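Trainee: Output the structure for:
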Amino acid sequence: MQRPNFIIISTSLLFFVTCNLCYAQQFPKYEIQLGFGPLAREQIIDDAVETLLGTASLDPIRMGDFSNSFNLSLRYQRRQWISIGLALGFTTKTTYRTDYSESKSFYKHSNFMSTFEAKYIYLDHPFVQLYGVTGFGILLVKTKDQRFPHDTKMYGWPTTQLTPIAIRIGKKFGGFAEMGYGYKGIVNFGVSARF
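Mentor: This next block holds a predicted model:
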């Protein structure tokens, strides 16, 4: 009586492992994306806190400064519906601030980011992929006052990206466009390679 149970269990286990190995070969495991995102807002967590507190106290909402983001994403697809990876990026912008004496100070910001990302795949066909991305990491901000060139400050700040809608077209090599908010911009687009 023990022998048929062993055969059924071992055959089922072998079938399960074989099917999973065959299924795992159906999609590319690695992806590299090189993108450009206009209207990037790196301090999204700060914006959320200020908006929440400003709404509670009925203060007007302050408009944030946007910049252009250049980014590189490296991802590993573990399952059919999710891939995880690392994103590196760079943004630069010039802003000004008016102090108590009504004089304007111009600041140049150089931002370097390193984030972990998760890509959630909604639809995966050979030539079209619909997905969303969430990311969280650290932003290194280097600020320089243009009036005092030797006055440079550097600090770290948390950053995030929320991208509910994205599309990739192409099989091995292709292009992508993403719509979201955060360190990659409101619209992020570029080229992609999967292997």
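Trainee: which phi and psi does Gly86 have?
Mentor: If you look again at residue 86, you'll see it is Leu, not Gly. Main-chain torsions, Leu86, degrees, to the nearest 10: phi -120, psi 140.
Trainee: bridging residues for the closest residue to it other than its chain neighbours?
Mentor: The shortest distance from Leu86 to any residue other than its chain neighbours is 5.4 Å, reached at Leu74 (CB to CB, 6 or more residues apart in numbering). Every residue, glycine included, has its C-beta placed from N, CA and C. Counting by DSSP bridges, Leu74 is bridged to Ile32, Leu86.
Trainee: Same question for His109.
Mentor: Counting by DSSP bridges, the residues bridging with His109 are Lys93, Thr143.
Trainee: That one contacts Lys142, doesn't it?
Mentor: Yes. If you go by CB atoms under 8 Å, His109 and Lys142 touch, sitting 7.1 Å apart.
Trainee: rewinding a little: where does the residue nearest to Leu86 sit relative to Thr51, distance-wise?
Mentor: For Leu74, the distance to Thr51 (CB to CB, to the nearest Å) stands at 32 Å.
Trainee: before we move on, the earlier item: could you tell me how far the residue nearest to Leu86 is located from Gly156?
Mentor: Taking CB to CB, one finds Leu74 at 22 Å from Gly156.
Trainee: between these two, who's got more neighbours?
Mentor: Leu74 (13 against 10; other CB atoms under 10 Å).
Trainee: pLDDT score assigned to the residue nearest to Leu86?
Mentor: Predicted confidence (pLDDT) at Leu74: the value is 95.
Trainee: That one against Gly85, yeah?
Mentor: Yes. The criterion here is CB under 8 Å, and Leu74 meets it with Gly85 at 5.0 Å.
Trainee: Spell out which residues are contacts of both of the two.
Mentor: Glu31 (CB atoms under 8 Å, 6 or more residues apart in numbering).
Trainee: The nearest residue to Gln33 once chain neighbours are set aside: what's it in contact with?
Mentor: For Gln33, ignoring the flanking residues on the chain, the nearest one in space by CB to CB, 6+ apart is Ser73 at 4.2 Å. Each residue near Ser73 by CB under 8 Å, 6+ apart is listed here: 31-33, 35, 85-88, 117.
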